[in-house]
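Enquirer: Everything below, folded, please.
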Amino acid sequence: MHPDQSLAPLQREGTAVTAHTSTPLPLHSTASAPEREHGYGHLTVPLRQRGLECTVEYGLSDYIVHVAIPDGSSLIISPPQEPPTDHPPGQPESWLVTRGHPDDDTVHEVIYDSEPDGPHARHGGSVPKLLAAVHARLDQLGVPPLPGSASPRVAAARALSPTSQLTAPAQLPAASAVCPASPPARQPYMPGR
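Expert: Here you go, the predicted structure:
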């Protein structure tokens, strides 16, 4: 067990389950002091909710977010580093997200680049666009999704429906080994016949 994980005895009463913790929540579940101080909690919290380890470190001229991925690679989420820019903490005019692997030089990719000449320049410093691109790539890499996450259409439909509830998908019957017969071919229309 990881040292910052605590055991939580569970108590079940009917269909309700209650967890009783005897220690405070692990540090990784909330933004640490440097993240609050430097404005990166809006990036680290959703990534930690996916079970990823995130640290905020000082780069060349500004703070960066380092995200460890289960396959051994990592993401670097960074505002422009050179030349340094003047912006509110955690709110630069653009972002650059790269993925690399310390033991495999062939793993290097740019996931998101909203710098002025980058492919996502039209989004500038948009954090929702940045996170959407990061989450999409993490999904492709097989990183478990955010708990309770659903597609935007499903989430919007649930939010609008006062009676929405989550249900398990229905079990479908096993496929028949017999293929259904194709309908008979239609005779082409021939005038005068």
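Enquirer: so where's this protein shaky on pLDDT?
Expert: 1-11, 16-37, 149-193 (pLDDT under 70).
Enquirer: Tell me where the longest strand sits in the chain.
Expert: Ranked by residue count under DSSP state E, the longest strand found in the chain is strand 104-113.
Enquirer: Please name every helix or strand in contact with that strand.
Expert: Helices and strands touching strand 104-113, by 3 or more Cβ pairs under 8 Å, 6 or more residues apart in numbering; DSSP states H and E, are strand 96-101, helix 127-140. (Each C-beta comes from the backbone N, C-alpha and C, glycine too.)
Enquirer: Buried ones in the last one, by neighbour count?
Expert: When you say that, I think you mean helix 127-140. 129-131, 133-135, 137-138 (16 or more other Cβ atoms under 10 Å).
Enquirer: Tell me the one of those nearest Gly148?
Expert: Of all the buried residues of helix 127-140, Gly148 sits closest to His135, with 13.7 Å by Cβ to Cβ.
Enquirer: Contact partners for that closest one?
Expert: Counting by Cβ atoms under 8 Å, 6 or more residues apart in numbering, His135 touches 46, 50, 145-146.
Enquirer: before we move on, which element is the residue lying closest to Gly51 once chain neighbours are set aside in?
Expert: Using Cβ to Cβ, 6 or more residues apart in numbering and skipping residues adjacent in sequence, the residue nearest Gly51 is Pro144, 6.0 Å away. Following DSSP states H and E, there is no helix or strand that holds Pro144.
Enquirer: quick one, the longest strand of the chain and helix 127-140 angle?
Expert: Interaxial angle, strand 104-113 versus helix 127-140 (axes from the mean of the first three to the mean of the last three Cα atoms, to 10 degrees): 150 degrees.
Enquirer: Before I go, just wanted to say thanks for your time.
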